[in-house]
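Trainee: build the 3D model from these lines:
(one chain, ligands or ions: 1)
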Amino acid sequence: MINIALPKGRLGEKAYKLMEKAGFGCSEYSESVRKLVFRDKENGISLFWVKPFDVCAYVESGVADVGVVGKDVLEEQSSDVYELLDLNIGKCAVCVAAEKGFEDDYSGPLRVATKFVRSAERYFSSVGRETEIIKLNGSIELAPVLGLSDVIFDIVETGETLKENGLQVIEKVSSVSARLIANKSSYKFKYDELKDFNEKLKGVMNYD
Ligand code: PRP
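Mentor: Residues are numbered from 1 along each chain as shown. Got it, this is the predicted structure:
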């Protein structure tokens, strides 16, 4: 049995579709229910739907053997796991964005709203800009609109959320995509199963 942690939301749905294509679908699975654990004995998998920021905790602890997580979350958490594969889905960019017309006047610390506190600190320290980081858990785009922050440090996928809230990208920091990660002990003790899982996913991935 392979225990798999998938992130609830857009990325998890894409990852599940890829797994299904690779022959690791879950007969019990249904998008419409609020059930969080699904098992398929025939395909030898157990699926857990967890919050995107909790995937690494499940995998690092060994509760899940593998998981799917954005590179942005992986870099933020520096978890002790193996990164097996770039799944080439969930492609987006980590960006600094602000309201149209915003110009940094360097008169004080830049107020930055983000879910990615450590990554934001690393980035702004690398460019030598003093900041006040405001940790939020979602809807980050609201912060500059309501005056809670000057800028946001967040992921941009289609750019729609920025556009609809009158914000624009000031700086693109990095490109990110979804990664398949594995627990280190599981990778040793379930090597054949995990290798097969990895190879079959590779076989159905889109390489655009
Ligand atoms: C993410 C991100 C942006 C949005 C960007 O939020 O934090 O808000 O997606 O996507 P777009 O460029 O396609 O508009 P998510 O959907 O994960 O929800 P959240 O606000 O709860 O973090």
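
Trainee: please identify the buried residues of stretch 100-114?
Mentor: By neighbour count on 16 or more other CB atoms under 10 Å, the buried set for stretch 100-114 is Leu110, Arg111, Val112, Ala113, Thr114. C-beta coordinates here come from the backbone N, C-alpha and C atoms, glycine included.

Trainee: how far off centre is the helix or strand hosting the third one?
Mentor: By that I understand Val112. When secondary structure is defined by DSSP states H and E, Val112 falls within strand 110-114. The chain centroid and the centroid of strand 110-114 are separated by 20 Å, computed with CA atoms, centre = their mean, to the nearest Å.

Trainee: ok, then the element right after it?
Mentor: Of the helices and strands lying after strand 110-114 in sequence (DSSP H and E), the nearest is helix 117-126.

Trainee: okay but Met1 is in contact with Asn43, surely?
Mentor: No: between Met1 and Asn43 there is no contact under CB atoms under 8 Å: 9.7 Å.

Trainee: and these two? Which one has more around it.
Mentor: With neighbours defined as other CB atoms under 10 Å, Met1 and Asn43 compare such that Asn43 has more, 16 against 13.

Trainee: check contacts around the more buried one.
Mentor: Gly23, Phe24, Gly25, Cys26, Ser27 (CB atoms under 8 Å, 6 or more residues apart in numbering).

Trainee: then Thr131?
Mentor: With CB under 8 Å, 6+ apart as the criterion, the residues that contact Thr131 are Pro109, Leu110, Arg111, Val112, Ala120, Glu121, Phe124.

Trainee: which strands or helices does the helix ranked longest in the chain pack on?
Mentor: For the chain, the helix reaching the highest residue count under DSSP state H is reported as helix 191-204. Here helix 191-204 is seen to pack against strand 2-7, helix 10-21, strand 82-86, strand 178-182 when contacts are counted using 3 or more CB pairs under 8 Å, 6 or more residues apart in numbering; DSSP states H and E.

Trainee: how about 10 Å then?
Mentor: Under the contact criterion of 3 or more CB pairs under 10 Å, 6 or more residues apart in numbering; DSSP states H and E, helix 191-204 touches strand 2-7, helix 10-21, strand 66-70, strand 82-86, strand 178-182, helix 184-189.

Trainee: what is the burial count for Glu157?
Mentor: 13.

Trainee: the closest residue to it other than its chain neighbours: neighbour count?
Mentor: Using CB to CB, 6 or more residues apart in numbering and skipping residues adjacent in sequence, the residue nearest Glu157 is Cys92, 4.1 Å away. Burial of Cys92, expressed as a neighbour count using other CB under 10 Å, amounts to 20.

Trainee: domain parsing for this structure?
Mentor: 2-90+177-204, 92-175 (automatic domain parsing).

Trainee: related to what we said a few turns ago, mind listing the residues bridging to the residue nearest to Glu157?
Mentor: With DSSP bridges applied, Cys92 shows beta-bridge pairing to Val176.

Trainee: ok, it - contacts?
Mentor: Contacts of Cys92 were listed using CB atoms under 10 Å, 6 or more residues apart in numbering, and they are 11, 70-72, 154-159, 174-178.

Trainee: got it, and Gly70?
Mentor: Contacts for Gly70 were tallied using CB under 10 Å, 6+ apart; they are 7, 11, 52-53, 55, 76, 89-92, 94, 155, 176-179.
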